[in-house]
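Q: What would the 3D arrangement of this be:
(one chain, ligands or ions: 1)
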Amino acid sequence: MAANIERRPHVLVFPFPAQGHMIPLLDLTHTLACHGLSLTVLTTPQNQSLLDPLLHKASTEGLSIQALIIPLPPTEGLPPGCENLAQIPLHLFFLLMHSFKELAHPIEHWFQQQKNSDYGFGPPVCMISDFFLGWTYDTATKLGIPRIVFHPCGAFDAFLHYSLWKYMPGLMESDDDKVHFPELPHPVSFAKHQISSLGQLYKRSDPVSEFIRYSMNLNVKSWGNLINTFNDLEAVYMDHLHRVSGRPVWSVGPLFPPAVFDPKQRRTMIERGKPTTINESVFLQWLDSRGEKSVIYICFGSQACLSNKQVEEMAAGLEATEESFIWVIRDPPSGMPADEYGVLPQGFEDRMEGRGLIIRGWAPQLLILSHPSVGGFLSHCGWNSTLESITLGVPLITWPMAADQYYNARLLVEYLKVGVRFCEGATTVPDRDDWRIAVKRLLAREGEEMKRAEELSKAARIAVQEGGTSYRNIEAFVSEIKKLFLQAS
Ligand code: UDP
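A: Next comes the predicted model:
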């Protein structure tokens with residue numbers, strides 16, 4: 001890049017390496033570049049390829065986005081080369097989060113290089129990093145720039161995390177089996193096993209756990225919050241977070257590629273996150289041949305996989321409903337016995353030929369949810385799946401398993417009334433009759449969920465259109481960044 005090129009405000013973006021965290025932050029990166037910022041996205045070599053679609057889009061659209069790849073030093077206890085949540089079992093989660101701290105010095109070094117160079121984007125004026133990277137607040141402070149927290153989850157979840165870590169370990173040590181969250185606009189409690197995986201993994205006095213607590217608590221001190229949600233969905237929790245943290249809270253969601261809102265561009269969503277394993281034209285032909293809102297879609301995100309017993313009950317329930325379905329079945333991660341997970345009952349696929357599609361591997365979820373034939377989604381309630389379904393007007397059947405999914409399921413069923421409760425827990429074997437009843441209820445439009453889904457979908461679309469709340473929040477955020485740039489120049 002030429003030295004005399006006119007520089008724009010430059011932002012360092014640091015996503016946490018998990019599909020559900022990276023995808024929305026990369027979408028936000030693209031949006032910010034469209035608003036005239038230069039952005040550097042930091043990741044490690046094993047995650048480098050996840051940036052390819054964004055970098056490709058940036059180069060075709062003439063946007064200022066570049067990658068910064070910093071090697072992650074080996075960590076005792078983590079298998080070599082593990083740099084993404086999808087590569088590790090849950091008990092190594094804290095260790096993976098902790099290992100990224102090793103990037104603090106290389107970031108500082110890179111920053112100084114940018115300061116001393118006449119080439120490139122120049123030094124960043126702020127850092128946006130995932131809420132699992134709270135420690136970057138210290139790094140940003142050392143560099144004299146603000147750190148903004150990116151919440152890939154919703155505002156309800158962000159608030160529960162805020163409260164959990166503020167009162168940790170006390171909150172998890174109450175006498176009954178419940179965790180009562182203080183400071184919310186209405187009483188909220190969850191059973192202990194429903195608390196996010198981070199809360200479950202925390203061990204008092206363990207140095208890694210204490211680092212995670214310290215790191216999570218730095219989120220509240222940060223300069224501001226960008227949340228992947230929209231006003232009509234969670235205004236009450238956003239206002240509350242703003243009140244208790246005293247920091248700005250910008251809802252900027254739902255963060256999706258613009259194609260989501262344009263049926264003519266739907267096909268471009270075939271590859272999002274990872275390449276899909278299906279034959280696109282056969283698949284779309286099949287979907288086009290179904291009636292409106294007649295297909296149930298089943299997928300448990302990028303990580304969860306079902307045991308054979310769970311698969312057996314689900315298959316039996318599906319057979320009994322006589323409805324059409326798309327079912328994504330994921331292979332277990334390495335280290336788990338492949339023959340104990342995801343095996344369908346004998347003859348099931350033959351019997352379901354024409355009525356159901358099984359996808360083994362990565363499904364084009366946005367493409368599926370945006371298709372008019374899809375009328376319901378059985379989901380583990382990861383936030384991205386939740387937001388995708390709501391935005392595309394598809395009501396949900398909930399089966400939270402871990403992480404923030406219990407919080408999201410509560411929001412969907414009790415507060416937003418766009419979901420039907422079905423099952424809970426990663427190892428629970430569901431009841432085939434409950435499953436059949438839930439599918440029938442959602443597709444037969446007996447409940448209010450279908451109507452609520454349509455209302456919320458409309459609100460989501462308005463939020464991101466020019467003049468909508470999320471659109472205006474992005475403009476307000478960019479204008480703050482431009483002020484920082486002017487002050488630094
Ligand atoms: N996803 C997809 N195809 C799949 C599974 C997941 O496109 O086969 C996408 C999905 O659309 C969502 C993300 O991966 O954007 C999963 O994120 P979520 O927060 O729902 O769940 P997680 O994977 O973090 O548990």
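
Q: Let me see the residues that make contact with the longest helix along the chain.
A: Using DSSP state H to define each element, the chain has its longest helix at helix 469-488. Outside helix 469-488, the residues that touch it by CB atoms under 8 Å, 6 or more residues apart in numbering are 8-11, 31-32, 35-37, 123, 125-126, 145-146, 224, 226, 230-232, 248, 250-254, 463-465. (Each C-beta comes from the backbone N, C-alpha and C, glycine too.)

Q: which among those residues end up buried?
A: 8-11, 31-32, 37, 123, 125-126, 145-146, 224, 226, 230-232, 250-254, 463-464 (16 or more other CB atoms under 10 Å).

Q: Any part of stretch 306-326 near the ligand?
A: No - using CB under 6 Å from any ligand atom, we find that stretch 306-326 stays clear of the ligand, coming within 10.3 Å at best.

Q: Just the buried positions in that stretch, please.
A: 306-307, 310-319, 321, 323-326.

Q: What residues does the stretch 251-400 of the chain have near the ligand?
A: Contact residues, the stretch 251-400 of the chain versus the ligand (CB under 6 Å from any ligand atom): 272-273, 299, 301-303, 328, 362-363, 365-366, 382-385, 388.

Q: now do 5 Å
A: Neighbours of the ligand within the stretch 251-400 of the chain, by CB under 5 Å from any ligand atom: Gly273, Gly301, Ser302, Val328, Trp362, Ala363, Gln365, Gly382, Trp383, Asn384, Ser385.

Q: could these go into JSON lines alongside distance to Lys178, secondary structure and pLDDT?
A: Formatted as JSON lines, those follow (distance: CB to CB, whole Å; DSSP: H, G, I helix; E, B strand; the rest coil; pLDDT from 0 to 100):
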{"residue": "Gly273", "distance to Lys178": "36", "secondary structure": "coil", "pLDDT": "60"}
{"residue": "Gly301", "distance to Lys178": "26", "secondary structure": "coil", "pLDDT": "91"}
{"residue": "Ser302", "distance to Lys178": "30", "secondary structure": "coil", "pLDDT": "83"}
{"residue": "Val328", "distance to Lys178": "34", "secondary structure": "strand", "pLDDT": "96"}
{"residue": "Trp362", "distance to Lys178": "37", "secondary structure": "coil", "pLDDT": "87"}
{"residue": "Ala363", "distance to Lys178": "36", "secondary structure": "coil", "pLDDT": "91"}
{"residue": "Gln365", "distance to Lys178": "34", "secondary structure": "helix", "pLDDT": "91"}
{"residue": "Gly382", "distance to Lys178": "24", "secondary structure": "coil", "pLDDT": "94"}
{"residue": "Trp383", "distance to Lys178": "23", "secondary structure": "helix", "pLDDT": "95"}
{"residue": "Asn384", "distance to Lys178": "28", "secondary structure": "helix", "pLDDT": "92"}
{"residue": "Ser385", "distance to Lys178": "27", "secondary structure": "helix", "pLDDT": "95"}
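
Q: Of those, which pair is most distant in space?
A: Greatest spacing in these, by CB to CB: Trp362 and Trp383 (18.5 Å).

Q: Who has more neighbours out of those two?
A: With neighbours defined as other CB atoms under 10 Å, Trp362 and Trp383 compare such that Trp383 has more, 26 against 19.

Q: ok, that one touching Gly20?
A: Yes - counting by CB atoms under 8 Å, Trp383 does reach Gly20; the two are 6.9 Å apart.

Q: And the helices in the stretch 151-300 of the chain?
A: Ranges of helices within the stretch 151-300 of the chain are 155-166, 197-201, 207-221, 231-245, 280-288, based on DSSP state H, counting those that start in this stretch.

Q: Out of those, which one sits most buried?
A: Comparing these by mean neighbour count (mean count of other CB atoms under 10 Å), helix 155-166 comes out on top with a mean of 24.

Q: So which residues make contact with the helix or strand harbouring Ser389?
A: Per DSSP states H and E, Ser389 falls inside helix 383-391. Helix 383-391 has contacts (CB under 8 Å, 6+ apart) with 20, 23-24, 152-154, 157, 228-229, 233, 253-254, 256, 260, 299, 301, 365-366, 369, 377, 379, 395-396, 404, 408, 411-412, 416, 418, 453, 456-457, 460-461.

Q: quick one, phi psi at the nearest residue to Ile145 once chain neighbours are set aside?
A: Taking CB to CB, 6 or more residues apart in numbering, and ignoring the residues beside it in sequence, Ile145 has Cys126 as its nearest neighbour in space, at 5.1 Å. Backbone torsions of Cys126, given as degrees, to the nearest 10, read phi -160, psi 170.

Q: Quickly list what Cys126 is bridged to.
A: Val11 (DSSP bridges).

Q: Do you have the strands of the stretch 1-150 of the chain handy? List them.
A: Using DSSP state E, counting those that start in this stretch, the strands of the stretch 1-150 of the chain run over residues 10-14, 38-43, 65-69, 126-130, 147-151.

Q: where are the low-confidence patches of the stretch 351-489 of the chain?
A: Across the stretch 351-489 of the chain, the ranges flagged by pLDDT under 70 are 445-447.

Q: How about the chain?
A: 1-5, 266-275, 334, 445-447.

Q: Tell me how this structure divides into domains.
A: According to automatic domain parsing, the chain comprises the domains 10-255+462-488, 264-447.

Q: which one is Leu85 nearest to, not counting chain neighbours?
A: Distances taken as CB to CB, 6+ apart place Ala18 nearest to Leu85, at 3.6 Å, with adjacent residues excluded.

Q: Run a quick check on that neighbour versus Ile88, I expect a contact.
A: No - using CB under 8 Å, Ala18 and Ile88 do not qualify as a contacting pair, with a distance of 10.1 Å.

Q: looking at the strands of the stretch 1-150 of the chain, which is closest to Pro79?
A: strand 38-43 (18.6 Å).

Q: May I have that closest one as PDB, with CA atoms only?
A: Taking Å, rounded to 0.1, in the frame of the first residue of the first chain, the C-alpha atoms of strand 38-43 are listed here in PDB:
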ATOM      1  CA  SER A  38     -10.500   0.100   7.600                       C
ATOM      2  CA  LEU A  39     -10.400  -3.100   9.600                       C
ATOM      3  CA  THR A  40      -7.800  -5.700  10.500                       C
ATOM      4  CA  VAL A  41      -9.100  -9.000  11.600                       C
ATOM      5  CA  LEU A  42      -6.900 -10.900  14.000                       C
ATOM      6  CA  THR A  43      -6.800 -14.700  14.200                       C
END
